[in-house]
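**Q** model the following, please.
(chains A, B, C and D)
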Protein chains: 2
Amino acid sequence: MSISPSLNPHVSVDCVIFGFSNETLRLLLIKRTVPNALTELDDSYYALPGDLVRDNENLDEAAARVLKELTGLTGIFLQQFQAFGDPLRIAKAKDRAWLQGVRQDPDARVITVAYMALIESSKVEIQPGSFSRGAVWLPIGEIPELAFDHNEISEGALMALREKVQIQPIAFELLREKFTMSDLQALYETILQRELDKRNFRRKMLNSGVIAALPEKQHGVSNKPARYYVFNRNLFENSPLGFVNLKMEGSFTLFN
Amino acid sequence: MSISPSLNPHVSVDCVIFGFSNETLRLLLIKRTVPNALTELDDSYYALPGDLVRDNENLDEAAARVLKELTGLTGIFLQQFQAFGDPLRIAKAKDRAWLQGVRQDPDARVITVAYMALIESSKVEIQPGSFSRGAVWLPIGEIPELAFDHNEISEGALMALREKVQIQPIAFELLREKFTMSDLQALYETILQRELDKRNFRRKMLNSGVIAALPEKQHGVSNKPARYYVFNRNLFENSPLGFVNLKMEGSFTLFN
DNA sequence: AGGCTTAGTGTCAAAAAAACACTTTAAAAA
DNA sequence: TTTTTAAAGTGTTTTTTTGACACTAAGCCT
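**A** The predicted structure follows:
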């Protein structure tokens, strides 16, 4: 076994927070402001919300804390998907300037554990605090250059989401409690980036048992009102792997 | 953004190394010896091979280094699957004794990034070095109590393997270059812990295109000699996601 | 009343999955 | 040399799932 390296890394968590509004999948990003030595103006750029892991907390707790500090929400879907630890992930001048601003050793390496969160975005109330200035929901197609390797992390989260959604019934986390079949289909189409057949979609979803119809329908819409459905939560919280008979094309089926 | 915690954690990688021999899935574990203050004898116990991440390397490199130091192998299947960072994961007296032995601060927290490796176990030649004493292949059903939270990590790796094997053609990494259809089926049955129908299995595998038949057959077996097959590597190294038309029951298919 | 918009519905053909048992080949034993 | 033993290899049928496809229903607006 080898000796300790000269300088222990910092360990942080970063949260890729997904929301869905206006038929668009979005990320909740925070704005950072750093002094620009050349122009004497402040530069600003976006980053994933994150923080160093504290001594007394585990990784999940740290991620939940970050999420709560920003959104005020607890008990939401939050899942670790990958750790990022390239020694050069903190290289840009902006990033180093910002790290100095928060009084960390700008030469220290930071290894981060990335989480993805799925939230119904209307529940979010941006909390006053260090994160809050300039927190925005940006469509996943319009993400600018982010701090550190946060673009790479976001890409990874999106890929992880696309895979997960085909294995576990988690898409519901992005919708309101009650939703229409069309809402759900639009969400799947957005995540998977392809169109789905309405009739086949309905059939699959209903046969799978993951959703239950409510007696209630829409009111005040200028067309045929749609029925509301709810996610059948207890069905999956009790099943060991959260697996459902909800099949997705392009994936795989065991032999028999 | 909050201030730095008082003490930076150490960051390590641990490798859950899978092998397959005698129809059994096994883990390659290393033996650790620590002095027992009471008995004046040495206690020994098993652990996953791992090490601190060095200053100049990224996480994948650290894991590859650990793997190479132990087995002498490079270029093998090695994939990160989860980070573990409970502040209490180093709590057992044995673990603290061992950490003292390697001259680390026994109070320092260690966050570890866990990798799973799939190797054809006959390729392994245990390398002389700190890991080597007492490295053993133990069947996954007979894993004793391990160091730290390594039992939990091993369990996680096994679950990750079961999922991965249903999505990507990686099981081959555990077999020799040439293998029979029965070898392959036995491997899948072991990993998935259920029996598969011989005829359906063959049909699926051949139709999927992931394997190619060789002209060659077994020699010197006291029954009908089996044909050899090879994994069709280039087919998947060129495909973006490594996805195949190999379906697995219990998983999912997109809508249409 | 007619137009507009979205919800909601069923069938059929093709493909995939699952169930199922006997023959073949080679070595070993009798 | 014949028989036994052990594992390899092979097709068909039924059932289930998928995918393609177009019209009617309901409510608001003008």
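
**Q** where in chain A is pLDDT low?
**A** Applying pLDDT under 70 to chain A picks out residues A:1-6, A:103-104, A:106, A:130, A:132, A:234-256.

**Q** that one - how does it break down into domains?
**A** Chain A breaks down into these domains under automatic domain parsing: A:10-164, A:178-237.

**Q** can you tell me how far the residue nearest to residue A:121 when sequence neighbours are not counted sits from chain B?
**A** Using Cβ to Cβ, 6 or more residues apart in numbering or on different chains and skipping the chain neighbours, the partner closest in space to residue A:121 is residue A:19 (3.2 Å). Where you see a C-beta, it was placed from the backbone N, CA and C, and this is true even at glycine. To chain B, residue A:19 is 22 Å away according to Cβ to the nearest Cβ, to the nearest Å.

**Q** so what's residue A:19 bridging to?
**A** Beta-bridge partners of residue A:19, counted by DSSP bridges, are residue A:26.

**Q** going by neighbour count, list what's buried in the longest helix anywhere in chain A.
**A** Assignment by DSSP state H gives helix A:150-164 as the longest helix of chain A. By neighbour count with 16 or more other Cβ atoms under 10 Å in any protein chain shown, helix A:150-164 contains the buried residues A:150, A:153, A:154, A:156, A:157, A:158, A:160, A:161, A:163, A:164.

**Q** residues in contact with it?
**A** Under the criterion Cβ atoms under 8 Å, 6 or more residues apart in numbering or on different chains, residues A:14, A:16, A:18, A:27, A:46-48, A:79, A:81-82, A:84, A:112, A:114, A:116, A:118, A:140, A:143, A:145-146, A:170, A:191-192, B:167 lie in contact with helix A:150-164.

**Q** right, is stretch A:77-95 up against chain B?
**A** Yes - Stretch A:77-95 reaches chain B (Cβ under 8 Å from any Cβ of the partner chain) through A:80, A:82, A:83, A:84, A:85, A:86, A:87.

**Q** stretch A:150-167 and DNA strand D, are they touching?
**A** No - on the criterion Cβ under 7 Å from any atom of the strand, stretch A:150-167 is out of touch with DNA strand D, staying 11.4 Å away.

**Q** before we move on, back to that, which one of the domains of chain A lies closest to residue B:129?
**A** Of all the domains of chain A, it is domain A:10-164 that lies closest to residue B:129, at 23.9 Å by Cβ to Cβ.

**Q** returning to what we had before: in strands only, show me the contacts of helix A:150-164.
**A** A:14, A:16, A:18, A:27, A:46-47, A:79, A:81-82, A:84, A:112, A:114, A:116, A:118 (DSSP state E).

**Q** now the two most distant members of the residues you listed.
**A** Across those, no pair lies farther apart than A:46 and A:79, at 22.3 Å, counting by Cβ to Cβ.

**Q** quick one: which of these two has more around it?
**A** Neighbours were counted for residue A:46 and for residue A:79 using other Cβ atoms under 10 Å in any protein chain shown; residue A:46 has more, 20 against 16.

**Q** residue contacts, the more buried one?
**A** Residue A:46 makes contacts with A:29, A:30, A:31, A:32, A:136, A:138, A:143, A:144, A:146, A:147, A:150, as judged by Cβ under 8 Å, 6+ apart.

**Q** if you set the cut-off to 10 Å instead, what comes out?
**A** A:27, A:29-32, A:134-136, A:138, A:143-147, A:150-151 (Cβ atoms under 10 Å, 6 or more residues apart in numbering or on different chains).

**Q** closest one to DNA strand D out of these, please.
**A** Nearest to DNA strand D among the contacts of residue A:46: residue A:27, at 29.5 Å, using Cβ to the nearest atom of the strand.

**Q** and the residue nearest to that closest one when sequence neighbours are not counted, which of the three is it?
**A** In space, and not counting its chain neighbours, residue A:27 is closest to residue A:138: 5.7 Å by Cβ to Cβ, 6+ apart. Three-state assignment for residue A:138 (DSSP: H, G, I helix; E, B strand; the rest coil): strand.

**Q** what about residue A:138, neighbour count?
**A** Residue A:138 is flanked by 16 other residues according to other Cβ under 10 Å.

**Q** distance of it from residue B:189?
**A** Distance of residue A:138 to residue B:189, given as Cβ to Cβ, to the nearest Å: 47 Å.

**Q** and whatever residue of the stretch 1-150 of chain A ends up closest to DNA strand C, what is it in contact with?
**A** Nearest to DNA strand C, among the residues of the stretch 1-150 of chain A, is residue A:23, at 11.2 Å (Cβ to the nearest atom of the strand). Counting by Cβ under 10 Å, 6+ apart, residue A:23 touches A:139, A:183, A:186, A:187, A:189, A:190.

**Q** name the nearest residue to the second one, ignoring sequence neighbours.
**A** Which is residue A:183. Excluding the flanking residues, the one nearest residue A:183 by Cβ to Cβ, 6+ apart is residue A:175, at 5.9 Å.

**Q** pretty sure residue A:199 sits in a helix.
**A** Yes - in this structure, residue A:199 lies within a helix as judged by three-state DSSP.

**Q** out of the domains of chain A, flag the one nearest residue B:215.
**A** Among the domains of chain A, domain A:10-164 sits nearest to residue B:215 (Cβ to Cβ), with 38.2 Å.

**Q** how far does the closest one stretch from start to finish?
**A** End-to-end span of domain A:10-164 (Cα to Cα, to the nearest Å): 29 Å.

**Q** how many neighbours does residue A:76 have?
**A** By other Cβ under 10 Å, neighbour count at residue A:76 equals 17.

**Q** show me what contacts the residue nearest to it when sequence neighbours are not counted?
**A** Setting aside the residues directly before and after it, residue A:76 is nearest to residue A:119 in space (Cβ to Cβ, 6+ apart), at 5.2 Å. Residue A:119 makes contacts with A:17-20, A:28, A:67, A:71, A:73, A:76-78, A:173-174, as judged by Cβ under 10 Å, 6+ apart.

**Q** ranking the residues you listed by neighbours, who comes first?
**A** residue A:17 (29 neighbours).

**Q** please name the nearest non-neighbouring residue to that one.
**A** Closest to residue A:17 by Cβ to Cβ, 6+ apart is residue A:28, at 4.0 Å.

**Q** to residue B:7, which of the domains of chain A lies closest?
**A** Nearest to residue B:7, of the domains of chain A and by Cβ to Cβ, is domain A:10-164 at 6.6 Å.

**Q** tally of neighbours for the residue nearest to residue A:80 when sequence neighbours are not counted?
**A** Using Cβ to Cβ, 6+ apart and skipping the chain neighbours, the partner closest in space to residue A:80 is residue A:115 (5.3 Å). Residues contacting residue A:115 under the criterion other Cβ under 10 Å number 27.

**Q** residue A:115 and residue A:14 touch, don't they?
**A** Yes - between residue A:115 and residue A:14 there is a contact under Cβ atoms under 10 Å: 7.1 Å.
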